[in-house]
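> Next comes the sequence, and after it the predicted model I'd like to discuss.
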Amino acid sequence: MHQLMVVKQNRPIAGQVFELVLEGDTRDITMPGQFVNISLPGFFLRRPISVCDWQENELKLIYKVVGKGTDYMSSLKTGTELDILSGLGHGFDVSLSGDAPLLVGGGVGTPPMYGLAKRLVLQGKSVNVILGFASSKDAFYVEEFDALNELYDFGCEGFEGSRPEVKVFTATVDGSLGTKGFVTDCLKEIPRYSHYYACGPIPMLKALKAAVNSRFNEASDDVKISGELSLEERMGCGFGACVGCSVMTAAGTKKVCSDGPVFDAALLFD
Ligand code: FES
């Protein structure tokens, strides 16, 4: 769980958004949607950052500069050693995806959806991805999601089924990229989905759940669309010891850091 990792790369990828690549032991990370908690010199609290992607000995994180801690992170140089708690939280369950998973990321909720999309594609699943940003200058990883269309040839040599497809839809509030509006405005472009996964601000998650449910009701289909939502909550310890991240759910009070950050959508916002 406790690791020392070394900065390999730290670069800006959009307005105030940085991609941080670290070298170190990633064996504690087992599910997309988990997070790490980074200790920064001179800061009392660790910074929880969701995992974007990982492979043997390499961890990729994406963070937005929103305060002094993340501003300090943006100045980290290659070769800097960081004290990290790794593999924290309960992530997305890829086994629930069904045959047509929908992935929705809003702003800095986008990164965990990348690691999830990659693992679903490697299982041979076609995925629809909706990414939402305020404006084109805030958008990132649209091309990286699209490039997952090429992944399968390299990752799954010998597979004889049809090649999985990754369709990426983008929404921006000001209309400067993709559909003008919100992620829910892209839903109508996707005829069917078996399970939805989402990470982003609470208003987006609430609106998405409502839109999915109302569509289900209109269709009066008797197959309910299940989903998983990842909450972005301010955290203290990051591993269940301080109750600083409690949220009320239909199954009682839960800790975002250890019971989540990913929850069954049926437990939230009702
Ligand atoms: Fe301490 Fe969740 S952050 S219990």
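Ah, there it is. Numbering: from 1, shown residues only.

> When you work out contacts or count neighbours from here on, use the C-alpha atoms and nothing else.
Will do.

> all strands of the stretch 101-250 of the chain, in order?
101-106, 127-133, 166-172, 179-180, 195-199, 226-230, 246-249 (DSSP state E, counting those that start in this stretch).

> Can you list the neighbours in contact with the third one?
Residues lying outside strand 166-172 but in contact with it, judged by CA atoms under 8 Å, 6 or more residues apart in numbering, are 121, 126-136, 142, 145-146, 148-149, 177-183, 185-186.

> Quick one: buried ones out of the residues you listed?
121, 126-136, 142, 145-146, 148-149, 177-183, 185-186 (16 or more other CA atoms under 10 Å).

> so what's Val51 scoring on pLDDT?
Here the pLDDT value assigned to Val51 is 97.

> Surely it and Pro32 touch.
Yes - with contact defined as CA atoms under 8 Å, Val51 reaches Pro32; the gap is 7.0 Å.

> who touches both of those two?
Common neighbours of Val51 and Pro32 (criterion: CA under 8 Å, 6+ apart): Pro112, Gly115.

> Nearest residue to the closest residue to the ligand within the stretch 51-200 of the chain in space, please, no chain neighbours.
Relative to the ligand, the nearest point of the stretch 51-200 of the chain is Gly89 (9.4 Å; CA to the nearest ligand atom). Once flanking residues are discounted, Gly89 sits nearest to Ser258: 4.7 Å by CA to CA, 6 or more residues apart in numbering.

> SS state for the one you found?
The three-state assignment at Ser258 reads coil, by DSSP: H, G, I helix; E, B strand; the rest coil.

> Count the neighbours of it for me.
Counted with other CA atoms under 10 Å, the neighbours of Ser258 add up to 20.

> show me what contacts it?
Leu88, Gly89, His90, Gly238, Phe239, Gly240.

> Which pLDDT does the model give the fifth one?
Among the per-residue scores, Phe239 shows a pLDDT of 83.

> next one: phi and psi at it?
Main-chain torsions, Phe239, degrees, to the nearest 10: phi -140, psi 30.

> give me every residue that touches it.
Counted by CA under 8 Å, 6+ apart, Phe239 has contacts Leu88, Gly89, Cys257, Ser258.

> can you give me the end-to-end distance of stretch 105-115?
12 Å (CA to CA, to the nearest Å).

> Average pLDDT for that stretch, rounded please.
pLDDT averaged over stretch 105-115 gives 96.

> Likewise for stretch 78-92?
For stretch 78-92, the per-residue pLDDT averages 96.

> now it: how far from the chain's centre is it?
15 Å (CA atoms, centre = their mean, to the nearest Å).

> circling back: what's the distance between the residue of the stretch 51-200 of the chain closest to the ligand and Met1?
Distance from Gly89 to Met1, counting by CA to CA: 11 Å.

> Looking only at neighbour counts, state which of those two leads.
Gly89 (23 against 13).

> Does that one touch Gln34 like I think?
Yes - at 5.2 Å, Gly89 counts as touching Gln34 under the criterion of CA under 8 Å.

> Common neighbours of those two, please.
Common neighbours of Gly89 and Gln34 (criterion: CA under 8 Å, 6+ apart): Pro261.

> So Ile84 sits against Leu22, correct?
No - using CA under 8 Å, Ile84 is not in contact with Leu22, being 10.4 Å away.

> between those two, what contacts are shared?
Joint contacts of Ile84 and Leu22 (CA under 8 Å, 6+ apart) are Met5.

> between the two, who's got more neighbours?
Leu22 (25 against 20).

> For whichever helix or strand that one is part of, which outside residues touch it?
With elements taken from DSSP states H and E, the one containing Leu22 is strand 17-23. Residues outside strand 17-23 that contact it (CA under 8 Å, 6+ apart) are 5-13, 57-65, 74, 138.

> residues touching the spatially most central residue of the chain, list them.
Nearest to the geometric centre of the chain sits Pro112, at 2.2 Å (CA atoms, centre = their mean). Contacts for Pro112 (CA under 8 Å, 6+ apart) come out as Pro32, Gly33, Gln34, Ser50, Val51, Cys52, Asp53, Cys199.

> Low-confidence stretches in the stretch 151-270 of the chain?
152-161, 215-224 (pLDDT under 70).

> Residue numbers of it in contact with the ligand?
Taking CA under 6 Å from any ligand atom as the contact definition, the stretch 151-270 of the chain meets the ligand at 235-245, 255-257.
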